[in-house]
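Asks: I would like to see how this sequence folds:
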Amino acid sequence: MSIFRSEKMSLYQLFLQNESAYRCMSELGELGCVEFRDLNSEATAFQRTFSAEVTRCNEMERKLRYIETQIVKEGVNIDELIDIPLAPLPKEMVDLEAALDKMDCELREINANAEALNKNFGSLTEMKFTLQNAENFLGDRESIFGVSSVNETTHSAVTPEDGLTQNNMQRFRFVTGVVNQEKAPGFERMLWRAGRGNIYLRIAPLSETLKDPVTGNDVLKSVFIAFYQGDQLKGRVKKICEGYHAALYPCPESSALRRETSIGVFSRLQDLTTILDQTKQHRHRVLEAAAKHLHTWVVKVRKIKGIYHTLNMLSVDVTSKALIAECWIPDADVQSVRLALKQGSEASDSAFPPILNELPTNAKPPTYFRTNKFTYGFQALVNAYGIANYREVNPGLYTIITFPFLFAVMFGDGGHALIVTMFASWMCLNEEKLSKVKGEVFGIIFGGRYIILLMGLFSIYTGFIYNDFFAKAFNIFGSAWVVNYPSEKHPGGQYLIGEGSMESAMLVPDRHYDVCPNKTTTRSYDFDNETDFQACGHYRQDPYPFGVDPVWVIAENKIVFLNSYKMKLSIIFGVFHMSFGIFLNLWNFTYFKRRLAILVEFLPRILFFWPLFGYMMSLMFLKWVKYGANKEERMLKSDCAPSILITFINMMLLSYGEDKTKPPNEECVTVFMFGDDEGVTQKTLQIAFVLIAVLSVPVLLLGTPLQFKMKEKRMKKARSSYSGSSGSSSRNGDPEDREPIVNSSTLSVETGGKQPEYKGDYDQNQGGSHDDEHNTFGDVMIYQSIHTIEFVLECISHTASYLRLWALSLAHSQLSEVLWFMVLRIGFKALPGYLGCISIFLTFGFWAGATVSILIAMEGMSAFLHTLRLHWVEFQSKFYKGEGVKFHAFHFKRVTADVKDD
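Replies: The predicted structure is shown next:
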């Protein structure tokens, strides 16, 4: 079961012939269960054997990115990939490279031509508008001054009345052009300042938007005509036009020439329009042809690059005729790997088959869990904390249940959970279509769709337990409480809460329901006399069959009751959750055959935790069972129930004085929950539990260092005895007789060619690793001291940390009630008659939006993060080390698509 423990791994050495290496690696990439070690880690990227092929693949990827950009820009649909193509052969790589090079050159040539044509078209369009507006400008000038030539008179800032003669006007010149509309105000100010008011400018915005020939974006431009006098101003005007990137266009002086020029420009624009349409159609056809094969080309190039990148990790033997690889393979997939290598060798017609040999090693194997689309999300939560050590117990298996359950305890509203469940079900039912949706945030949510689904289902269950659906309760089975108060208006009659002067009433559970006349399950009773009324109780003595009684929704002490219930429940869940984590540590010790660690690690931990916090949990169950408002004995009434927190504090402080053991009132008799009234039994048991917990601390502190010390002495003694025996044999005997009895070759033979399983990695909270010779006794002592102090303190802090289950549940229910009473209920009573439909519609919209955004999204995220913390810190710290190395197999899914099953 690889989800409970990681797959068993072995290190293998692989020999591949040069001619079959590519095909064999392609088969292994399709299989996806081999992780290769880099045997050329000291070499640079350019010093590796197949660096030239990788460079060619990078170049093809660059061309494919360019083609894809052009296709997306054109708006052409890219065909989805139905069948994943196999990795092409090396000779097919040349054909693919040539096809991509041809496509890239053709597209670049088309784009360059189109850009030049667009620039020419834009220039002619601007010139057309310039001539049209210049005709208007100059026509206005001729109508004012009554002259027929453009360069003989002008519309300047100086009027004829100011003394402007015809000869002076003949010396005025003008330039026309186009400038960006956003630069026009600055352009006008600059001309005014540069000419000191001697340059007259007319600007008119174009009615149509123009296209930028490079980017293709819409650009707003304005046509201008500037009048000036003299060569000096002419130079200034042209420099300012260059600075503002204004395009200048020639404008004939006479009206006839302008009309003739306009006709020529219009004719050229028509020709360019035809050419541009044909260019666009040709470009569209080319991109459509490319879009049909784009994904196939991308997959092929990535597979080729992945193969050569992996081959670069292999070393070349001394004859340069074979490649040598070292790889990790799961034991369950060894036969599949051998079959894949055989197929690759046969496909390449190699004379020598690949050779796969197992290597003995002390290296740390990678961690590999087989997951599917359901377990992937839960395993990802665990991996985010840390990768499990090799063959360490994986908390991901239990997270599938504990994570949504603890979330549901905090979320706890059946109505909100129903919305969450519907959303997650929609994602699960449409997962094939939604998997293609891009987006980082949605990708995270979609990846955890099964987590969200279980969280919703578990929250529906806790919603039934809390009897909470959108802050309302359902009376499915009939409340266990009845109201039998007589009405003040009608003595002897029926009474409902809220009638008469009595607005609230205390329901008393301690009277006998059996003596009630006309015993029914209705809310009220008929009484023949006062005696029957006083004898009849309000509680039917049978609790609500499932969950919280709906009567608590209208009770004034609802929060007091639910707080006490949920606080105790949180501590109980916390004790069981952490205890389970400690027992998982026992499985680790058992599997890795660290039997002494069971005595010096597991037993001290459990003997410290359970006598204290397990005992406190037992007192909670005892208090629920023994004490109650319906008990007949006075000392067992609810007000006589001792405080568990005070009892636990007195137990830890061994404080049993008269002031500490005094009951809250004389009728309660004692504060002890079991045993005799003097509390001898309970005090004795509590003192024994404290002593057991205290005595387990030194065992936890000193057990592992002393174990390490004894192991160190045994190793020294063994080395000294071995050196002494080897010295005597060197003086008396042949060197061949000094060979060790057991070596690696005989070990392989004795184990059937299979190396013993690696078990030296796991060392939970220890001061050493599998190579203890690198540690000292001082290191182990310091390390164990830190972890002992940490464990003792975290037992208290982590138990209190589970109170977040109660806190978030309380916050969620109170926020839900606030939205109901302060928003939706007001809408029901805001307006009378049919006008109430309007208020209900508006308030319901606000209530629904706040419910989804605050109570479901924000509160759901808060509960999710708190649940994650409870698993990472409180649960996993008891047994999970999380210092492993993830298994990264060479798999084509990693280079062609998102991997959902690692």
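Asks: Just list whatever residues bridge to Val223.
Replies: Beta bridges link Val223 to Val178, Ala204 when assigned by DSSP bridges.
Asks: wait, what's in contact with it?
Replies: Glu126, Phe129, Thr130, Asn133, Ala134, Thr176, Gly177, Val178, Ile203, Ala204, Pro205, Leu206 (CB atoms under 8 Å, 6 or more residues apart in numbering). The way it works is simple: take the backbone N, C-alpha and C, and place the C-beta from them, glycine included.
Asks: Can you tell me which of these is nearest Leu855?
Replies: Pro205 (52.7 Å; CB to CB).
Asks: wait, what's in contact with the closest one?
Replies: Neighbour list for Pro205: Gln181, Ala184, Leu220, Lys221, Ser222, Val223 [criterion: CB under 8 Å, 6+ apart].
Asks: Tabulate these in TSV, adding columns for pLDDT and distance to Ala693.
Replies: TSV is the format used below for the contacts of Pro205 (pLDDT from 0 to 100; distance: CB to CB, whole Å):
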residue	pLDDT	distance to Ala693
Gln181	86	82
Ala184	88	85
Leu220	88	81
Lys221	88	85
Ser222	88	87
Val223	89	92
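Asks: What is the nearest of those to Gln682?
Replies: Closest approach to Gln682 among the contacts of Pro205 (CB to CB): Leu220, at 88.6 Å.
Asks: how much space between that closest one and Glu182?
Replies: For Leu220, the distance to Glu182 (CB to CB, to the nearest Å) stands at 7 Å.
Asks: Equivalent analysis for Ser862, please.
Replies: 47 Å.
Asks: Of those two, give the one with the bigger neighbour count.
Replies: Between Ser862 and Glu182, counting by other CB atoms under 10 Å, Ser862 is the more crowded of the two (16 against 12).
Asks: so what's the closest residue to the more buried one other than its chain neighbours up against?
Replies: The shortest distance from Ser862 to any non-neighbouring residue, by CB to CB, 6 or more residues apart in numbering, is to Leu808 (6.6 Å). Going by CB under 8 Å, 6+ apart, Leu808 touches Met410, Phe411, Glu859, Ser862, Ala863, His866.
Asks: Any stretches of the stretch 601-750 of the chain with poor pLDDT?
Replies: Counting by pLDDT under 70, the stretch 601-750 of the chain shows low-confidence ranges at 723-750.
Asks: Of the contacts of Leu808, just say which sits nearest to Cys105.
Replies: Using CB to CB, Ser862 is the member of the contacts of Leu808 that sits closest to Cys105, with 56.5 Å.
Asks: How about the secondary structure of that closest one?
Replies: The local conformation at Ser862, judged by DSSP: H, G, I helix; E, B strand; the rest coil, is helix.
Asks: need the strands for the stretch 51-200 of the chain, in chain order.
Replies: 172-180, 200-205 (DSSP state E, counting those that start in this stretch).
Asks: coming back round to it: let me know the closest of the contacts of Val223 to Asp677.
Replies: Compare each of those with Asp677 using CB to CB and the shortest gap goes to Pro205, at 99.9 Å.
Asks: Where does the prediction get shaky in the protein?
Replies: 1, 139-171, 483-537, 723-774, 896-902.
Asks: The residue nearest to Ser862 is in what secondary structure piece?
Replies: Assessed by DSSP states H and E, Leu808 sits inside helix 804-819.
Asks: Please apply the same query to Val441.
Replies: helix 440-447.
Asks: What residues of that helix count as buried?
Replies: Buried positions in helix 440-447, judged by neighbour count with 16 or more other CB atoms under 10 Å: Phe446, Gly447.
Asks: Tell me how far it lies from the chain's centre.
Replies: Taking the mean of its C-alpha atoms, helix 440-447 sits 7 Å from the chain's own mean (CA atoms, centre = their mean, to the nearest Å).
Asks: Which residues outside it are in contact with it?
Replies: With CB under 8 Å, 6+ apart as the test, helix 440-447 has contacts from Tyr376, Gly377, Ala380, Met427, Glu431, Leu434, Ser435, Val437, Ile452, Lys900.
Asks: hmm, which two among these are most spread apart?
Replies: The distance between the two most remote of the contacts of helix 440-447 (CB to CB) is 18.8 Å, for Ala380 and Val437.
Asks: For these two, indicate the residue with more neighbours.
Replies: Legend: neighbour count by other CB under 10 Å for Ala380 and Val437, higher for Ala380 (17 against 10).
Asks: if you skip the residues just before and after it, what's nearest to the more buried one?
Replies: Gly447 is the one closest to Ala380 (CB to CB, 6+ apart), at 7.2 Å.
Asks: again, but for Phe887
Replies: With sequence-adjacent residues excluded and distances taken as CB to CB, 6+ apart, Phe887 is closest to Tyr368, at 3.5 Å.
Asks: And stretch 813-830, what's buried?
Replies: Ser813, Leu815, Ser816, Glu817, Leu819, Trp820, Val823, Leu824, Gly827.
Asks: mind listing what the fifth one touches?
Replies: This points to Leu819. For Leu819, the contact set (CB under 8 Å, 6+ apart) comprises Ala471, Trp847, Ala850, Thr851, Ile854, Leu855.
Asks: Residues in contact with stretch 884-897: which ones?
Replies: When contacts are defined by CB under 8 Å, 6+ apart, stretch 884-897 is touched by residues 6-7, 9, 25, 28-36, 84, 87, 298-299, 302-303, 305-306, 310, 328, 330, 364, 366-368, 383, 386-390, 392, 761, 899, 902.
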